[in-house]
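Colleague: Here's my sequence, what's the structure:
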Amino acid sequence: MMNSLDARTLLIAEIPVLLLVGGLIIVASLLGRRDRTLGWTGAALLLVGMGFLLGVADPLRAWERSVAGFGALLLLAHACIWTGVRAFSGRPARWVWIAAGPLIWCALCLWPGFVSSGVARAVAYGVSTLAYTGASLWALGVGAGGQGGKIRLAVLPFSILLLHGVLTAARMAVAAVTGPEPGLLRLDFPMAVFEGMLFFIGVAFAVLMMVGARAERRYRHAALHDALTDLANRRALFEQGGDLLQAALSRGRSVALLMCDLDRFKRINDDCGHETGDQVLAAFAGVLRRVVRKGDLCVRYGGEEFIVLSPDMDAEGALGLAERIRSQLRQCDCRLCEPLSVSIGIVCAPRGGTELSQLLARADQAMYQAKEAGRDCARLWMEDAGGEASAAVPRNGGGGPGKHPVDA
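Modeller: This is a model prediction of the structure:
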């Protein structure tokens, strides 16, 4: 009787907490991006609160009268947790499997012997709970997909789900060994009730942390990337490029900076329209992704200008990279009357400077020299004895001097 009274007292105390937190999470899910993960998690807490409310409806025989509804609601809550984890990875709800556990439980409750047997109830509930918990763990692991950021996000909910699964399995084992109505396995046992509440509240807060961290990453990505090309933007260049430059120089390594300017881009926009211009920009971004090395920083600097910052690369390597960029761009099919081309200015640190602003200014000088040399070529910034900038012409640099004015 004391266990039942304590369990009922716990339920009465837990019901408003579960309903309040569940309701707030539902409201949060409806704001902004309408996150389905939050929606399913909030629904799980509301279902648990409703199940506990059903459990305290009759203070004397609550479990016998409401065992079907109580168990079905709690299993449905576990199914919602599983579905919420799937939604976090962008996967759809599996309605058949959501309903399977609660429906099987209700079918078993039609048998009087099942309702009267604490062991049968505990084992059936435990098996169903373990199935949903295991599926949630699997969904978390698949959703992480070996990506470091996602794995870190999944650690807390994974740990909570794993602990809940272990405790559920332990209660099932005790039920199988000790026979009917073991205290540890009674659904009205206070510890089981308390652990259930902690599990659902813990999962809810873990999900909130996951969703919040994901939103922060999305906002940071949007702040540091160009929306059209998905390359790093000017802000990212100054936030990350300086650190990348200094890290390489501190190791005694050279760094190459390439400033790429698409030729005749204004004419493409005027003659073919801005939509075609956007396609050209996206195509060139694709060229950079294919050609540069892992660890290089590719930036849309502004308009039709792009920056490639390549640590551990000398002048010869930079000239080769520029030639590969030009060659790949000429092969792009953007449905234009003439092939695309790009003029590239190159500067290498530390010879061309040790500050990012210096490198940008000198790469800009070299790029304009490439324009004046006829476009579709690359020029390397060098300093002569008098301190003036000169340009080295790479092998197969293309273009001829003075054929075209500098692009507007």
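
Colleague: what are the ranges of the strands in the chain?
Modeller: 255-262, 297-302, 305-311, 342-349, 378-383, 389-392 (DSSP state E).

Colleague: which parts of the fifth one are buried?
Modeller: Pointing back at strand 378-383 there. 378-382 (16 or more other C-beta atoms under 10 Å). C-beta here means a position set from N, CA and C on the backbone, and glycine is covered the same way.

Colleague: picking up where we left off before, residue 164 is nearest to which of the strands of the chain?
Modeller: strand 297-302 (43.5 Å; C-beta to C-beta).

Colleague: Off-centre distance for the closest one?
Modeller: 22 Å (C-alpha atoms, centre = their mean, to the nearest Å).

Colleague: before we move on, back to that, nearest to residue 160 among the strands of the chain would be which one?
Modeller: strand 297-302 (38.1 Å).

Colleague: rewinding a little: would you mind giving the buried residues of strand 378-383 as CSV with pLDDT added?
Modeller: What follows is these, written out as CSV (pLDDT from 0 to 100):
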residue, pLDDT
378, 93
379, 94
380, 93
381, 91
382, 84
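
Colleague: And the residues you listed, which is closest to residue 249?
Modeller: The closest of the buried residues of strand 378-383, once distances to residue 249 are taken by C-beta to C-beta, is residue 381, at 17.0 Å.

Colleague: Can you give me the distance of that closest one to residue 352?
Modeller: 6 Å (C-beta to C-beta, to the nearest Å).

Colleague: Same check on residue 54?
Modeller: 75 Å.

Colleague: Pick out whichever of those two has more residues nearby.
Modeller: residue 352 (25 against 21; other C-beta atoms under 10 Å).

Colleague: Please work out how many residues are found near the closest residue in space to that one that isn't next to it in sequence.
Modeller: Using C-beta to C-beta, 6 or more residues apart in numbering and skipping the chain neighbours, the partner closest in space to residue 352 is residue 362 (5.1 Å). For residue 362, the count of nearby residues is 24 (other C-beta under 10 Å).

Colleague: Spit out the residues that contact residue 381 and residue 352 alike.
Modeller: 362-363 (C-beta atoms under 8 Å, 6 or more residues apart in numbering).

Colleague: Tell me where the model's unsure across this structure.
Modeller: Low-confidence segments of the chain (pLDDT under 70): 1-7, 32-33, 57-66, 142-158, 171-191, 334-338, 384-408.

Colleague: hey, where'd the helices end up in it?
Modeller: 2-30, 36-55, 62-88, 95-108, 112-116, 118-144, 148-178, 190-224, 234-236, 242-250, 265-272, 274-291, 315-330, 356-372 (DSSP state H).

Colleague: could I get those as TSV with distance to residue 307?
Modeller: Formatted as TSV, the helices of the chain follow (distance: least, C-beta to C-beta, whole Å):
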stretch	distance to residue 307
helix 2-30	40
helix 36-55	37
helix 62-88	35
helix 95-108	49
helix 112-116	70
helix 118-144	33
helix 148-178	25
helix 190-224	14
helix 234-236	9
helix 242-250	12
helix 265-272	16
helix 274-291	10
helix 315-330	12
helix 356-372	8
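
Colleague: Indicate which one of the ones you listed is closest to residue 258.
Modeller: Among those, helix 315-330 sits nearest to residue 258 (C-beta to C-beta), with 6.0 Å.

Colleague: Quick one: distance of that closest one to the chain centre.
Modeller: 33 Å.

Colleague: got it, and stretch 24-35?
Modeller: On C-alpha atoms, centre = their mean, the centre of stretch 24-35 falls 18 Å from the chain's centre.

Colleague: For residue 106, grab the count of nearby residues.
Modeller: 14.

Colleague: ok, it touching residue 73?
Modeller: No - using C-beta atoms under 8 Å, residue 106 is not in contact with residue 73; the gap is 10.6 Å.

Colleague: any common contacting residues for those two?
Modeller: Counting by C-beta under 8 Å, 6+ apart, nothing touches both residue 106 and residue 73.

Colleague: quick one: stretch 370-378 to chain centroid distance?
Modeller: 41 Å.

Colleague: CA-only coordinates of it in PDB, if you can.
Modeller: This file holds the C-alpha atoms of stretch 370-378, laid out as PDB (Å, rounded to 0.1, in the frame of the first residue of the first chain):
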ATOM      1  CA  ALA A 370      46.100  39.800 -66.100                       C
ATOM      2  CA  LYS A 371      43.100  41.800 -67.400                       C
ATOM      3  CA  GLU A 372      45.400  44.300 -69.200                       C
ATOM      4  CA  ALA A 373      47.300  41.400 -70.700                       C
ATOM      5  CA  GLY A 374      44.200  40.200 -72.500                       C
ATOM      6  CA  ARG A 375      42.200  38.400 -69.900                       C
ATOM      7  CA  ASP A 376      41.900  34.600 -69.600                       C
ATOM      8  CA  CYS A 377      45.400  34.300 -68.000                       C
ATOM      9  CA  ALA A 378      47.100  34.400 -64.600                       C
END
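
Colleague: got the buried residues for that stretch?
Modeller: 370-378.

Colleague: for stretch 98-113, same thing?
Modeller: Buried residues in stretch 98-113 (16+ other C-beta under 10 Å): 98, 100-102, 105, 108-109.
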